[in-house]
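# Take a look and give me a structure for this.
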Amino acid sequence: MQTASPVLPDSEIEDLVRTHFGLEGTAEWLWGEKDSNHRLTLGDKRTVLVKVLNPGEPPSTTDMHSRALLHVARADPGIPVQRIVPASNGAPDIRIPGPEGNTRAVRVVTFLPGQALSGATHSVAQRYNIGLMMARMQQALASFEHASASHKLTWDMTYSLDLRGVCNCLGEGEERAALTQCLDLFQDEVLPRLTQLPSQVIHNDFNSENILVDPADTDRVSGIIDFGDMVRAPRVFDVAVGASYILDDESEPVESVFDFLKGYASLARLTRPEIEVLYPCLLARLVMRLAIPSWRATLFPNQAERLLRKHDLVRRTLARVRAYRQQAFTEQSAAVFQRVSQ
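Modelled structure (predicted):
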């Protein structure tokens, strides 16, 4: 997260994939938070995505992401994830020289159809289907193991308290106090119960840019992309992540999150301890969505506008959730899973 990812010229991308993947096409740069991404249009008009990964990403982490994509495709072929296009030597990714004598990985994947959830109209059925897709993804990843699955990750909620220093520089007065109170709640109610929370490798980034929907039927999820934040962590963290983005729709009340939970509950169950920590986890993720982009904007001021484009929206979402009583949120969440089990 602290390492810049130099953008390779399109011509260099074209030469690279021709040499290592046997693909001929025209490259076009796409913005990415951590990586240098390029769409490659092949001669037959098919498109693939070329990801030149951040030089700061360890090779073992890259390997985990590649193998997770392969694993999900085998475990549940119906989940619409990108398929890996292997290199000419059969490997799922390759390594090339980096900018400072290091190396960086290159992965080529299929380009999924659809539009980002952030730009689509929203509905009860759509939120239900996103929850269902998360449950399917968790079930597919439940059997996935990798030596790097427990690597320390900035976006892992387990380490959200590390952001206290950043939060002390955000906002003023009551707003700053609210961020601190959210982290205090996470420290008091979640961290002591970590051993009670079922853990596995999770996607950890069901956000409105990583979920694609069918433009002709926006209730249907047509793609789940970006495994770059995956980690072994309590699965309820995954649910809280998804819920935080569902709530970005300000035209809908906080109760809209229960449509998402109903979809999830149609296939999977949260235990009582998980349900009881869902609310503080949701608040913690919203705090992370404010703190981490703000921190990165100081590191990369040329990307500040892009990184902070949703800052005010997340602030309002956090205020809406905090105004909703924790006990009421927990009881309604429990009712969702109770109704499904009857």
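# going forward, measure contacts between C-alpha atoms and count neighbours the same way
Noted.
# Would you state the helices of the protein in chain order?
Per DSSP state H, the chain has helices spanning 10-21, 59-75, 124-141, 164-167, 173-189, 235-246, 257-265, 272-299, 304-307, 311-322, 326-341. These are given in chain order.
# Name the residues that touch the first one?
Residues external to helix 10-21 that are found in contact with it (CA atoms under 8 Å, 6 or more residues apart in numbering): 23-29, 38, 40, 50, 86-89, 94.
# Could you do stretch 126-145 as well?
For stretch 126-145, contacts defined as CA under 8 Å, 6+ apart pick out 68, 71-72, 75-76, 79, 200-203, 206, 218-221, 235, 239, 242, 246, 256-257, 259-268.
# low-confidence ranges in this structure?
With pLDDT under 70 as the threshold, the chain has low-confidence stretches at 1-5, 340-342.
# Buried only: go through the contacts of stretch 126-145 for me.
Burial by neighbour count, 16 or more other CA atoms under 10 Å: within those this picks out 68, 71-72, 75, 79, 200-203, 206, 218-221, 235, 239, 242, 246, 256-257, 259-266, 268.
# Go through the contacts of helix 10-21 and name the one nearest residue 172.
Distance to residue 172, by CA to CA, is smallest for residue 29 among the contacts of helix 10-21, at 38.2 Å.
# Chain neighbours aside, what residue packs nearest to the closest one?
Distance criterion CA to CA, 6 or more residues apart in numbering; nearest residue to residue 29, sequence neighbours excluded, is residue 38 at 4.3 Å.
# what's the answer for residue 279, then?
Nearest non-adjacent residue to residue 279, counting by CA to CA, 6+ apart: residue 326, 6.4 Å away.
# burial measure for that neighbour, as a count.
Residues lying near residue 326 (other CA atoms under 10 Å) number 16.
# Use 36 as the first number from now on
Let's use 36 as the start, then, which means that last one is residue 361.
# my read: it touches residue 313, true?
No: using CA atoms under 8 Å, residue 361 is not in contact with residue 313; the gap is 9.5 Å.
# Mind listing the shared neighbours of these two?
Overlap between the neighbourhoods of residue 361 and residue 313 is empty, taking contacts as CA under 8 Å, 6+ apart.
# Against residue 368, how distant is the closest residue to residue 77 other than its chain neighbours?
Excluding its sequence neighbours, the residue lying closest to residue 77 (CA to CA, 6+ apart) is residue 60, at 4.2 Å. Taking CA to CA, to the nearest Å as the measure, residue 60 and residue 368 are separated by 49 Å.
# can you check residue 301 too?
13 Å.
# coming back round to it: can I get the helices of the chain in a markdown table with distance to residue 263?
Compiled in a markdown table, the helices of the chain are given as follows (distance: least, CA to CA, whole Å):
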| stretch | distance to residue 263 |
| --- | --- |
| helix 45-56 | 21 |
| helix 94-110 | 7 |
| helix 159-176 | 14 |
| helix 199-202 | 23 |
| helix 208-224 | 24 |
| helix 270-281 | 14 |
| helix 292-300 | 22 |
| helix 307-334 | 15 |
| helix 339-342 | 17 |
| helix 346-357 | 22 |
| helix 361-376 | 29 |
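# contacting residues for residue 342?
Applying CA under 8 Å, 6+ apart to residue 342 gives the contacts 68, 328, 329, 331, 332.
# Need the max-distance pair from the residues you listed.
Of all pairs drawn from the contacts of residue 342, the greatest distance, 13.0 Å, lies between 68 and 329 (CA to CA).
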